[in-house]
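Chemist: Below is the sequence, then the predicted model.
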Amino acid sequence: MEQHRQELLTRLQQKREWFLQIEEIVDNMLLMDVEELEAAVKQRGNLLERIAQQDEVIHEICQHDTQAREMLNHTRLPNDEEERQLYDASLNVKAVANRIIQAEPEVERYMKKKQQELLDKIQDLNASGQAAAKRYRQIISASLGGEAKNFSRNF
């Protein structure tokens, strides 16, 4: 196999491995709490950046090899074993990427649900904090024998 085609094959295999890691992250995201989700999104983003860089190199190599580009784009069937390896490697990458794309809507719904739960907790905390402040003012007012002043300051 020519050196540049071997490099393409190696880069496609690495790209598939990174997509498999993303797939695992995406699958696990459905079980994570908010703090873990933040780290997972960052990790997924880092892997996607690596994949984008890999794609740039793959694209550059394919600019000089029309047959390899045809194999990676699946615009024709392979004629020999070397082309078959490139064709299959590209197909494997696309299969994993497709599974990730299929899972994304569910993950997005889950993340929105977690976001809403977090917002609800914040609202509950704010409401209970306001209630506690009101109760505190009532206690102070009763102990002072009148209406408590609002001691909050605007700085």
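Modeler: In hand now; what should we look at? As the structure is a computational prediction, the values presented were derived from the model and not from experiment.

Chemist: what residue lies at the spatial centre of this structure?
Modeler: The structure's the chain has its C-alpha centroid closest to V41; by Cα atoms, centre = their mean the separation is 3.9 Å.

Chemist: quick one: average confidence on stretch 95-105?
Modeler: The pLDDT scores in stretch 95-105 average 95.

Chemist: Export only the CA atoms of that stretch, formatted as CSV.
Modeler: What follows is stretch 95-105, C-alpha atoms only, in CSV (Å, rounded to 0.1, in the frame of the first residue of the first chain):
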residue,chain,number,x,y,z
ALA,A,95,-21.6,4.2,10.9
VAL,A,96,-20.4,5.3,14.3
ALA,A,97,-21.0,9.0,13.4
ASN,A,98,-24.6,8.1,12.3
ARG,A,99,-25.3,6.3,15.6
ILE,A,100,-24.1,9.4,17.5
ILE,A,101,-26.4,11.6,15.3
GLN,A,102,-29.3,9.3,16.1
ALA,A,103,-28.7,9.5,19.8
GLU,A,104,-28.2,13.3,19.9
PRO,A,105,-31.9,14.3,20.1
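
Chemist: So for that stretch, what gets flagged as buried?
Modeler: By neighbour count with 16 or more other Cβ atoms under 10 Å, stretch 95-105 contains the buried residues 96-97, 99-100, 103. In short, each C-beta sits where N, CA and C put it, glycine included.

Chemist: tell me which residues in the helix or strand harbouring the residue nearest to the centre of the chain are buried?
Modeler: In this assignment (DSSP states H and E), V41 forms part of helix 34-62. Using 16+ other Cβ under 10 Å as the test for burial, helix 34-62 gives 37, 40, 44, 47, 51, 54, 58, 61-62.

Chemist: cool, and stretch 13-24?
Modeler: Across stretch 13-24, burial judged by 16+ other Cβ under 10 Å covers 15-16, 18-23.
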